[in-house]
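K.L.:
sequence unknown, structure follows:
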């Protein structure tokens, strides 16, 4: 989608008459989203410089100009584009990344990353030249018209306020490779940018190049098709086993038939923790791209997207890999059947509304089905962990039928996490009182479950496991604040357990791949950085939002951190419908710990801040305590739930007895 498209002459006229920014604001608001004051000021400043750049007689008046081009199937926005022909009438596009930065600093331990002042603090971002190059790469690798005509793309960056005599680090030799293919122009270098444009576009755009870019068929390039399967090779985490392979083949067959017949199709795959939902999803993505279909892996939670794309990129520098991994909040802006294949992992995390303020769109399930010919939803009905999680099998069926889709359903049953111990999962559901199972008195198998009385001991045990292969982590319930400041060092101990003089940092804010970062054993991950991922061993700190008191498991939502957005809206519901609020709070907290305690393939170690809860786990793990659900007590609790204080949410009584 293009927010503004014209030619050089009209662009300069619109700017001089003061209507350019108004047109941008109006179009973006109508088609896409509301626009903040800071963005308006940014346009006014940067586009005035671009108007001066374009005031050159050697740049043809009828050269094409586009502003704020949104790359299809992504949320990437290209600031400024010039199109035209060279002396041999070959088609060319110059992509300009605009920055208002005053200074920036090199980052030596990461590839093409710099730091600068953004949002009131120092932030790590991609080098502007890399950003422009990555946009060219996206367009080249997913637009069939660009690939076949061919249309040549040329990236560059223009930092019009940037004084290199004061801040020279963006030209450090560590950035030389990207600067060679995507030059950077700064304060006082306007003529250099003009010459760059004139080199490729001495003649006007007579072939509507930008229209071809905007409306070209989406198709992965041949190089991406060839390389994607090779990226899976050597990643043993993505090998399909037993019923994973069977279900994969069933889904693939349904997807190819849907594309071939242009028949909207929805496929629902149920599966519990460790059954391989994500493994099947990633293999499906690779297979579809390899066959030349436009597919994307979609989750509401950023953690699995970032980690899986990073794992597939190892040995590659292609930014287009990340374009295959998308959030779920963009589909309300997409056209019907714009995407061929949508692969939705963690579908239970889908929301109704999208956007930062959850005020955009109608329902993410409906919008994903609408935007794709074939959509597959991998879902675990027992992993709702936030107040806004709204993905259910019933809703997927409903919206599929509303859009006249064929609907298939399948399941992944075999459990490959937790050492294949279905008994551990059943015991845990019983212990957390999520579901009554036959494993109330323990479980068999080799799964390594331990309860620690001292958090230092648990940390040291997990660290020893992690020293082997970097596949063990500390996780915690969201009972400690995650402050925005100081997120670049693990020296700040966010999680404090004073009685043991124990402290550990939350996962850092300057990385989105906590699960595979080499130093993140010094940090604790939360539900938002680990759901959908797995480790060999996990050490889980169970905070004060779950305790054991007077023979009862008690969920206390008031002990959650004030920075926890997963319970946003529950206070309002407590006033309007306390019974429902208590039920949801109970579900969120217990599912959170169920999820954290099933991330480990080989073992789970726990430390409870509530000693009584620790003793409770010891008793039931050592077969010294059994229980059954007292249905009459549950009914009584339901009747009295509106009178229960908010600190004692949805209590479920148990009947202990020795065995």
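P.N.:
Nice, I can see it. None of these values were measured; they are calculated from a predicted model.
K.L.:
secondary structure class for residue 410?
P.N.:
When classified by DSSP: H, G, I helix; E, B strand; the rest coil, residue 410 comes out as strand.
K.L.:
kindly apply the preceding question to residue 226 instead.
P.N.:
For residue 226, the assignment made with three-state DSSP gives helix.
K.L.:
could I get the contacting residues of it?
P.N.:
residue 290 (CB atoms under 8 Å, 6 or more residues apart in numbering). No exception for glycine: its C-beta is placed from N, CA and C like everyone else's.
K.L.:
same deal with the one 3 residues further on?
P.N.:
Contacts for residue 229 were tallied using CB under 8 Å, 6+ apart; they are 286-287, 290.
K.L.:
again, only this time at 6 Å
P.N.:
286, 290 (CB atoms under 6 Å, 6 or more residues apart in numbering).
K.L.:
for residue 562, report the pLDDT, please.
P.N.:
Residue 562 is assigned a pLDDT of 87 by the prediction.
K.L.:
next one: residue 541
P.N.:
Model confidence at residue 541 (pLDDT) stands at 98.
K.L.:
I'd say it and residue 476 touch.
P.N.:
Yes: using CB atoms under 6 Å, residue 541 is in contact with residue 476, at 4.0 Å.
K.L.:
distance from the chain centre to the host helix or strand of residue 133, please.
P.N.:
Using DSSP states H and E, the element containing residue 133 is helix 128-142. Centroid separation for helix 128-142 versus its chain: 20 Å, with CA atoms, centre = their mean, to the nearest Å.
K.L.:
ok, residues contacting it?
P.N.:
Under the criterion CB under 6 Å, 6+ apart, residues 71, 78, 95, 97, 99, 112, 146, 153, 155-157, 178-179, 181-182, 184, 218, 221, 224, 319-320, 323 lie in contact with helix 128-142.
K.L.:
what about burial for those residues, which qualify?
P.N.:
The neighbour-count test (16 or more other CB atoms under 10 Å) applied to the contacts of helix 128-142 identifies 71, 78, 95, 97, 99, 112, 146, 153, 155-157, 178-179, 182, 184, 221, 224, 319-320, 323 as buried.
K.L.:
narrow those residues to those in helices?
P.N.:
Counting by DSSP state H, the part of the buried ones among the contacts of helix 128-142 found in helices is 146, 178-179, 224, 320, 323.
K.L.:
how about those residues, which pair is most distant?
P.N.:
The span of these, defined through CB to CB, is set by 179 and 224 at 24.8 Å.
K.L.:
quick check: closest non-adjacent residue to residue 617.
P.N.:
The shortest distance from residue 617 to any non-neighbouring residue, by CB to CB, 6 or more residues apart in numbering, is to residue 451 (5.2 Å).
K.L.:
ok, then the element right after whichever helix or strand the one you found is part of?
P.N.:
Secondary structure assignment for residue 451, by DSSP H and E: strand 448-452. Downstream of strand 448-452, the first helix or strand assigned by DSSP H and E is helix 455-469.
K.L.:
surely residue 410 touches residue 271?
P.N.:
No: at 9.0 Å, residue 410 does not count as touching residue 271 under the criterion of CB under 6 Å.
K.L.:
for the chain, which spans come out with low pLDDT?
P.N.:
31-36, 234, 314-319, 414-421, 437-445, 486, 624-659 (pLDDT under 70).
K.L.:
spatially central residue in it, please.
P.N.:
Geometric centre of the chain, nearest residue: residue 302, 1.7 Å, by CA atoms, centre = their mean.
K.L.:
give me every residue that touches that residue.
P.N.:
Contacts for residue 302 (CB under 6 Å, 6+ apart) come out as none.
K.L.:
related to what we said a few turns ago, now the helix holding residue 133: buried residues?
P.N.:
So helix 128-142, judged by 16+ other CB under 10 Å, has buried residues 128-142.
K.L.:
residue 310: which of those is nearest?
P.N.:
residue 134 (14.9 Å).
K.L.:
how close does the closest one sit to residue 271?
P.N.:
Note on residue 134: its distance to residue 271, by CB to CB, to the nearest Å, is 34 Å.
K.L.:
again with residue 567
P.N.:
Residue 567 sits 26 Å away from residue 271, going by CB to CB.
K.L.:
in what helix or strand does residue 4 lie?
P.N.:
Per DSSP H and E, residue 4 falls inside strand 2-7.
K.L.:
can you pull the buried residues of the very next helix or strand once past that strand?
P.N.:
On the C-terminal side of strand 2-7, the closest following helix or strand by DSSP H and E is helix 8-16. Residues of helix 8-16 classed as buried: 8, 11-12, 14-15 (neighbour count, 16+ other CB under 10 Å).
K.L.:
tell me the angle of helix 8-16 relative to strand 2-7?
P.N.:
120 degrees (axes from the mean of the first three to the mean of the last three CA atoms, to 10 degrees).
K.L.:
which residues are contacting helix 8-16?
P.N.:
So helix 8-16 is in contact with 20, 51, 54, 61, 63, 65, going by CB under 6 Å, 6+ apart.
K.L.:
try stretch 565-578
P.N.:
Contact partners of stretch 565-578, identified using CB under 6 Å, 6+ apart, comprise 386-387, 560, 581, 642.
K.L.:
and what of stretch 66-79?
P.N.:
Under the criterion CB under 6 Å, 6+ apart, residues 1-5, 80-81, 95, 97-98, 135, 138, 210, 218, 323, 330 lie in contact with stretch 66-79.
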